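S.K.: any chance you could fold what I've pasted below:
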Amino acid sequence: FIKYIKIIYEKKVQPRASSFSRNVLLIWVLRLIMGLFVLLPLIAILIKGNIFSNFSNLLTVGFLPALLRSLLVAFFSVSISLLIGLLFILRKKPSGWLIVLLAVSPVMLGVGFLFWWGKSYAAMALAYIIMLVPLIYYFLMTLWNARPAFFMESIKIMGANPKQQILAVVKFLKPAIKRALALGIVLVMGDIAVASMLAPFLKPTAMSLSYQLLGSYRFTTASAGMSLVLIIIFLMIIFIYGFRGKRSQR
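M.R.: So this is what the prediction gives:
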């Protein structure tokens, strides 16, 4: 749909530079259509998820602190996984063993850490890092393999210090980093297997608390909580792909 809107913009708006007012009107109409394309699913989730009518219930069960804990775990796990992936690329370490981690299921990780470490956020974050590192690494490596010939050699010849070399690599890998961020946030925020097994019972994450609410037959409150998590995931992905993309183009 967005590609279709872009084609209309390129074919109808750009060639008509003389009719300025008509172009401006068409641009705003296209912006309105794209805005509705993004906002209508969110509005539907707000209505169907009964978030407004159950907001007081979410406050009562402590959903907002659980949501904050989910965000902290997600950002910590994704950040560490990105750093590890970048280190593998910069140091050119062998990465064939990372494929083995892709075969490890979240349930197996959750059970293993539950017996080894017990319920804790440290165990949960480590389990997510093990899940994310191979995925993020192959996201980064796919773009890194398409780099220009003698990329690092050219940077070194130009006199870049180690810090400038790292910044150049990060700037080149920015599209893959954005995709990795979006993937990591979706996997961690929307996970129920690891969270339900490793989150402390008295301090649950958003998804594990929703799972507890489902188990106690509070379906409307659980539905509202999961809908709120879905909206936050959606908004963060829009922020990563939209706002950050515009800033990088400037």
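
S.K.: what about Asn67, neighbour count?
M.R.: To be clear, residue 67 is Leu; Asn isn't right here. 20 (other Cβ atoms under 10 Å). C-beta coordinates here come from the backbone N, C-alpha and C atoms, glycine included.

S.K.: in the strand or helix carrying it, which residues are buried?
M.R.: Assigned by DSSP states H and E, Leu67 falls within helix 63-91. Using 16 or more other Cβ atoms under 10 Å as the test for burial, helix 63-91 gives 63, 66-67, 69-71, 73-78, 80-82, 84-86, 88-89.

S.K.: mind listing the helices for this structure?
M.R.: Taking DSSP state H to define them, one finds helices in the chain at 2-8, 20-48, 55-60, 63-91, 98-102, 106-116, 121-144, 151-157, 162-172, 174-189, 193-198, 206-215, 219-238, 244-249.

S.K.: what comes up buried for stretch 155-167?
M.R.: For stretch 155-167, the neighbour count (16+ other Cβ under 10 Å) marks Ile155 as buried.

S.K.: make residue 1 into 27 and carry on from there
M.R.: Got it, first residue is 27 now, which makes that one stretch 181-193.

S.K.: separation between the most centrally placed residue in the chain and Ser253?
M.R.: By Cα atoms, centre = their mean, the chain has its centre lying nearest to Ala208, at 2.4 Å. Going from Ala208 to Ser253 by Cβ to Cβ, to the nearest Å gives 19 Å.

S.K.: try Val87
M.R.: 15 Å.

S.K.: got it, and Val104?
M.R.: To Ser253, Val104 is 23 Å away according to Cβ to Cβ.

S.K.: same question for Leu108.
M.R.: Taking Cβ to Cβ, one finds Leu108 at 28 Å from Ser253.

S.K.: need the contact list for Arg212.
M.R.: Not quite, residue 212 is Val, not Arg. Contacts for Val212 (Cβ atoms under 8 Å, 6 or more residues apart in numbering) come out as Ile259, Ile263.

S.K.: ok, 7 Å please
M.R.: Residues in contact with Val212, defined by Cβ atoms under 7 Å, 6 or more residues apart in numbering, are Ile259.

S.K.: one more: the one 5 residues further on?
M.R.: For Asp217, the residues meeting the contact criterion (Cβ under 7 Å, 6+ apart) are Pro132, Met233.

S.K.: state the pLDDT value of it.
M.R.: On the pLDDT scale, Asp217 is placed at 83.

S.K.: now do Ile28
M.R.: 52.

S.K.: quick check: Ser236 touching Gly251?
M.R.: Yes. Assessed by Cβ atoms under 7 Å, Ser236 is found in contact with Gly251 at 4.5 Å.

S.K.: now the closest residue to Gln238 other than its chain neighbours, what are its backbone angles?
M.R.: The shortest distance from Gln238 to any non-neighbouring residue, by Cβ to Cβ, 6 or more residues apart in numbering, is to Pro230 (6.5 Å). Pro230 adopts backbone torsions of phi -80, psi 170, taken as degrees, to the nearest 10.

S.K.: and Pro230, how many neighbours?
M.R.: By other Cβ under 10 Å, the residues close to Pro230 number 24.

S.K.: where does this structure have low pLDDT?
M.R.: Counting by pLDDT under 70, the low-confidence segments of the chain come to 27-49, 71-72, 74-79, 118-122, 267-276.

S.K.: try 90 this time
M.R.: 27-90, 92-93, 96, 107, 109-276 (pLDDT under 90).

S.K.: pretty sure Leu93 sits against Ala232.
M.R.: Yes. Leu93 lies in contact with Ala232 (Cβ under 7 Å); the separation is 4.5 Å.
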